[in-house]
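Asks: here is the input, now give the coordinates:
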Amino acid sequence: MSEKNRDGKRTARERLAVEREKQKAAERRRRTLIVAASVVCVLGLATVVGVLAANHGKDSGSSKAGPVVAPSGATGKDSLAIQVGRDSAKPTLTVWEDFRCPACQAFETAYRPTLHELTDSGQLKVQYHLVTLIDGNLGGTGSKRAANAAACAQDAGKFRDFHDVLYENQPKETDDAYASNAKLIELAGKVSGLDTPAFQKCVNSGAHDSWVMKSAAAFQAGGFTGTPTVLFDGKNIYADQTMTPAKLKQLVQAANKG
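Replies: Predicted structure coming up:
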């Protein structure tokens with residue numbers, strides 16, 4: 001073999017080795033980002049208690065909370081859950097979430113098509129509980145404002161669509177963009193028929209703020225320390241690192257057969 005051929009093969013091998021290292025580095029960065037997103041949405045229990053105590057009974061621009069007004073059709077204990085799916089569905093998925101939480105967004109992105117399929121076909125009902133963990137972690141009111149707006153969307157029968165829009169347009173966790181009612185109303189324009197005077201009034205008045213804070217207090221009382229917390233018939237499946245949308249679908253199908 002000529003020296004020229006040997007050099008050519010060595011150069012090709014070197015290029016392949018460099019490319020493999022690039023791919024490995026990209027995968028390491030991807031795993032790091034996933035872990036980082038999950039860590040951001042975790043708060044120590046003692047801090048949760050302090051944050052909830054500090055925020056409970058407060059509203060933006062007000063030192064007094066209004067009455068607890070649950071959104072239309074709210075269900076579960078103290079009417080703190082917003083349900084997507086039919087009552088007749090046998091299994092229940094319970095999701096505690098924060099619209100500012102990047103790990104919640106990651107969960108939604110991965111599982112949304114499967115959840116839509118299972119709820120639309122009547123195989124599963126999902127009960128969403130809205131909390132304000134990131135407001136406590138990083139300051140601001142975006143979690144609370146977004147949760148109130150989502151409850152207002154529930155009043156209009158548009159919760160799921162607006163829920164999806166909020167995650168599709170989620171700002172960086174350090175950007176409290178959802179603290180702006182105007183921003184939330186602008187995003188409502190992406191949901192057909194949602195941006196109405198009634199919706200705008202509900203958002204701007206903080207009609208469901210006290211309900212949101214009651215839900216946040218229930219999150220703390222339940223001993224949960226991170227979002228998303230995802231329970232399938234009471235069992236924490238988000239903590240199961242082997243869980244996938246396909247595996248969740250199998251669990252739902254098995255529950256419906258049982």
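Asks: which stretches of this protein form helices?
Replies: Ranges of helices in the chain, per DSSP state H, are 3-40, 45-55, 102-120, 133-138, 142-155, 159-168, 181-188, 197-205, 209-221, 245-257.
Asks: in contact with Ala81, which residues?
Replies: Ala74, Thr75, Thr94, Gln127, Tyr128, His129 (CB atoms under 8 Å, 6 or more residues apart in numbering). Every residue, glycine included, has its C-beta placed from N, CA and C.
Asks: count of neighbours near the second one?
Replies: Going back to what we said before, that points to Thr75. Counted by other CB atoms under 10 Å, the residues lying close to Thr75 total 13.
Asks: what's the spacing between it and Ser192?
Replies: Between Thr75 and Ser192 the computed distance is 25 Å (CB to CB, to the nearest Å).
Asks: again with the third one
Replies: Spatial separation of Thr94 from Ser192 under the definition CB to CB is 28 Å.
Asks: for these two, indicate the residue with more neighbours.
Replies: A direct count of neighbours by other CB under 10 Å for Thr94 and Ser192 places Thr94 higher, at 19 against 8.
Asks: for that one, give me its contacts.
Replies: Ala81, Val126, Gln127, His129, Thr229, Val230, Leu231, Phe232, Gly234.
Asks: any idea how far Leu80 is from it?
Replies: For Thr94 relative to Leu80 (CB to CB), the value is 11 Å.
Asks: give the residues shared as contacts by the two.
Replies: Joint contacts of Thr94 and Leu80 (CB under 8 Å, 6+ apart) are His129.
Asks: so where's the stretch 51-200 of the chain shaky on pLDDT?
Replies: 51-65 (pLDDT under 70).
Asks: grab the most central residue of this structure for me.
Replies: Central residue of the chain (CA atoms, centre = their mean): Cys104, 3.4 Å from the mean position.
Asks: I figured that residue hits Ala110, correct?
Replies: No - counting by CB atoms under 8 Å, Cys104 stays clear of Ala110, with 11.1 Å between them.
Asks: what does stretch 165-183 contact?
Replies: Counting by CB under 8 Å, 6+ apart, the neighbours of stretch 165-183 from elsewhere in the structure are 40, 60, 99-102, 104-105, 108-109, 134, 137-143, 145-146, 149-150, 184, 187-188, 190-191, 203-204.
Asks: the same query, at a cut-off of 6 Å, please.
Replies: 40, 99-100, 102, 105, 108, 134, 140-142, 145-146, 187, 190-191, 203-204 (CB atoms under 6 Å, 6 or more residues apart in numbering).
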